[in-house]
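Visitor: What follows is a predicted protein model with its sequence.
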Amino acid sequence: MSEVYIRLVIDKNDEDSGRKMGLFMAMQELRESNGLYDYEEELVKELHHWFDLYLEAPPIQASESNYYSTPMAISWFKSSATKHISKMREFGQILDTHGIYVTELRTERPGKILYEDDYQIAATPFQDTFK
């Protein structure tokens, strides 16, 4: 049986990757628009701190996706990373309360894997990977 990879996204494409925007970027946009209540801002800071402690940033240089370059790598959680996924769902709950709805994508074919650790992968998407 193949590994299942999970990505939580919103219904807006990321300009750089051309794929659905992940929750870290969605939350950044909401924070920059001053859309959070004070108690939510504190929770978001706590969640970011948790991820800083328990999730490595993939050492992949992001490049702008265009006709001549390879597509930008997309991060996916391994289905076994249940605590990490649960923490991402906490971001999702905050986004949902502001009318930014979250969808969970699942795949066994995320693309060409460029980075992998115990909890996540970063992969260059295949043509048929979710857009």
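Guide: Received the coordinates, thanks.
Visitor: give the contact list for Ile121.
Guide: 5, 75-76, 78, 110, 113, 115 (C-beta atoms under 8 Å, 6 or more residues apart in numbering). Backbone N, C-alpha and C define where each C-beta goes, glycine included.
Visitor: Just the closest of those residues to Met27, please.
Guide: Ser75 (14.3 Å; C-beta to C-beta).
Visitor: The closest one and Gln120 touch, don't they?
Guide: Yes - the criterion here is C-beta atoms under 8 Å, and Ser75 meets it with Gln120 at 5.7 Å.
Visitor: And these two? Which one has more around it.
Guide: Gln120 (21 against 18; other C-beta atoms under 10 Å).
Visitor: how far away is Phe77 from Glu41?
Guide: 24 Å (C-beta to C-beta, to the nearest Å).
Visitor: Leaving out chain neighbours, which residue sits closest to the residue nearest in space to the middle of the chain?
Guide: In the chain, the residue lying closest to the centroid (C-alpha atoms, centre = their mean) is Gly22, at 3.5 Å. Leaving out its chain neighbours, the residue that sits closest to Gly22 by C-beta to C-beta, 6 or more residues apart in numbering is Val9, at 5.8 Å.
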